[in-house]
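Asker: Structure, please.
(chains A, B, C and D)
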Protein chains: 2
Amino acid sequence: MAVAERKRLTAQDWTAAALEALATGGVAAVAVEPIAARLGTTKGSFYWHYANRDALLEAALSEWERTHTEEVITIVEQEPDPHRRLRLLLTIALGSNSTRPSDSVELALQPTAGHPLVAPVLERVTRRRLGYLTDMFARLGFGPEEARQRSLLAYTAYLGHAQLAHATPALAPESADLRSYVDAAIATLTSR
Amino acid sequence: MAVAERKRLTAQDWTAAALEALATGGVAAVAVEPIAARLGTTKGSFYWHYANRDALLEAALSEWERTHTEEVITIVEQEPDPHRRLRLLLTIALGSNSTRPSDSVELALQPTAGHPLVAPVLERVTRRRLGYLTDMFARLGFGPEEARQRSLLAYTAYLGHAQLAHATPALAPESADLRSYVDAAIATLTSR
DNA sequence: GGACCTCCGTACGCCACCGTATGGAACAAC
DNA sequence: GTTGTTCCATACGGTGGCGTACGGAGGTCC
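Answerer: Model prediction:
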């Protein structure tokens, strides 16, 4: 966040800053000169580490795909009990911190979903998550078709929640209310 | 859609084109010169009808706020039976045509939710919709708190579905599958 | 302490879009 | 068919981001 001590930069520094810009301002915000200014440097630095803007965007997207999702799945898999695992997952997904950058990226990619660099990443991530969720419902004892539909409902609810928390935070549940909401949502999503 | 016979344009023509651009390319796409080109005219026309770009954006947002939502609510209110009414609403919301411009606008506004012109519109629309949904669940016999949480789940699922259908259409349910999904979702959302 | 390599600052041309100015079509009224 | 009004085309300057060229600072190695 802080400009710090004017050190030399690495390609990593640029991707990190790009990811941050991506989360807050979307694909359009992944712009060389503004990010350079934010890093307290100039374009000269950037074009040393990267060929062009697209390369930076691509790096940021890869970073996002690599980091999130798998990270969460790994954490959640520690919990052996299926019910508690689903609860943990939804708590992490809906809860924790409604404005953390991780899910902001997903939202920020939305309008440019058709972008040639964005589309494949988005599809891979979504497929992975949906597949995992479906598996979870199946392990809760739901049949294949039922599990698929429940996971779809759960995942779209997650997406919508992130959207709500970002766009109209005043209307999204928070803290204590959020915990209560997560409980109610799980109850509804797993009721037969 | 077609460029037509090179007639004179009205302010309405410009807002309509702006709304279309907004739906497909987001706030950034509401740009005077590209829209002028698309309309087969020039900026000269635009600046006769509007003061500047912001005025156009504002007009497009107003148009959207005025048209959608209330339109759907009016239709849905024709149906007297609460269960069938909810079904009708979700069918319209999730179903019909996943890539119609109406809900694309909502998605397109997402990344610029903080924009001074966008934020208030988004909040009013969301509040109205959530309020109406909560009311529907209440009329189905759910208590106030339960109705609020169910409506939240239903609305976020709607938002997420729109997002899914737009960003990764390959992973969203379609046609027959969609009808089956809507049924399953309603069953889950209204189960006690 | 020179030679070298890594990284960055600055200056430049290019393009897209914004907004202004202004002359002139197109149409209406009579 | 002249006058007046409505609407539009064109030309222009300004701004912000992209990408390139190139010189030079700051480390590193011997």
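
Asker: Kindly report the residues of chain A close to DNA strand C.
Answerer: Chain A has residues A:8, A:9, A:10, A:36, A:41, A:42, A:43, A:44, A:45, A:47, A:48, A:49 near DNA strand C, with proximity defined as Cβ under 7 Å from any atom of the strand. To be clear about C-beta, it is placed using only N, CA and C from the backbone, and glycine gets the same treatment.

Asker: Report the separation between the fourth one and chain B.
Answerer: So the one you mean is residue A:36. Here the distance between residue A:36 and chain B works out to 21 Å (Cβ to the nearest Cβ, to the nearest Å).

Asker: now swap in the first one and tell me
Answerer: Using Cβ to the nearest Cβ, we find residue A:8 at a distance of 32 Å from chain B.

Asker: number of nearby residues for that residue?
Answerer: Each residue near residue A:8 was counted by other Cβ atoms under 10 Å in any protein chain shown, and the total is 7.

Asker: got the residues of chain A near DNA strand D?
Answerer: A:30, A:31, A:32, A:33, A:34, A:43, A:44, A:47, A:51, A:52, A:53, A:54.

Asker: and which of the residues of chain A next to DNA strand C is nearest to DNA strand C?
Answerer: Closest approach between the residues of chain A next to DNA strand C and DNA strand C, by Cβ to the nearest atom of the strand: residue A:44, at 1.8 Å.

Asker: Is residue A:56 in a helix, a strand, or coil?
Answerer: helix (DSSP: H, G, I helix; E, B strand; the rest coil).

Asker: Now do it against residue A:11, distance only.
Answerer: 9 Å (Cβ to Cβ, to the nearest Å).

Asker: Between those two, which is the more surrounded one?
Answerer: The neighbour comparison of residue A:56 against residue A:11 (other Cβ under 10 Å) goes to residue A:56, with 25 against 14.

Asker: Just the CA atoms of the strand or helix carrying residue A:44, as CSV, please.
Answerer: For residue A:44, the host element (DSSP states H and E) is helix A:43-49. Presented in CSV, the C-alpha positions along helix A:43-49 are these (Å, rounded to 0.1, in the frame of the first residue of the first chain):
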residue,chain,number,x,y,z
LYS,A,43,6.9,3.3,-17.4
GLY,A,44,10.5,2.8,-17.9
SER,A,45,10.5,0.2,-15.2
PHE,A,46,7.5,-1.6,-16.5
TYR,A,47,8.7,-2.1,-20.0
TRP,A,48,11.8,-3.6,-18.7
HIS,A,49,9.9,-6.4,-16.9
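
Asker: what's the closest non-adjacent residue to residue A:17?
Answerer: residue A:35 (5.1 Å; Cβ to Cβ, 6 or more residues apart in numbering or on different chains).

Asker: For the one you found, what are phi and psi?
Answerer: Backbone geometry at residue A:35, expressed as degrees, to the nearest 10, gives phi -70, psi -40.

Asker: ok, which stretches of chain A are helices?
Answerer: Counting by DSSP state H, chain A has helices at residues A:11-25, A:32-38, A:43-49, A:53-67, A:70-76, A:82-90, A:101-109, A:118-139, A:144-167, A:175-190.

Asker: how much space is there between residue A:79 and residue A:89?
Answerer: Counting by Cβ to Cβ, the gap from residue A:79 to residue A:89 is 9 Å.

Asker: Among those two, which residue is more densely surrounded?
Answerer: Of the pair residue A:79 and residue A:89, residue A:89 is the one with more neighbours under other Cβ under 10 Å, namely 23 against 14.

Asker: Quick one: residues contacting the closest residue to that one other than its chain neighbours.
Answerer: In this structure, residue A:89 finds its nearest non-sequential neighbour in residue A:76, 4.9 Å apart by Cβ to Cβ, 6+ apart. The contact partners of residue A:76, by Cβ atoms under 8 Å, 6 or more residues apart in numbering or on different chains, come to A:85, A:88, A:89, A:92.

Asker: Please convert these to TSV, extending it with distance to residue B:146 and pLDDT.
Answerer: Shown next, in TSV, are these (distance: Cβ to Cβ, whole Å; pLDDT from 0 to 100):
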residue	distance to residue B:146	pLDDT
A:85	25	95
A:88	24	93
A:89	23	92
A:92	24	88
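
Asker: top of those residues by neighbour count?
Answerer: residue A:89 (23 neighbours).

Asker: my read: that residue touches residue A:140, true?
Answerer: No. With contacts counted by Cβ atoms under 8 Å, residue A:89 stays clear of residue A:140, the gap being 12.0 Å.
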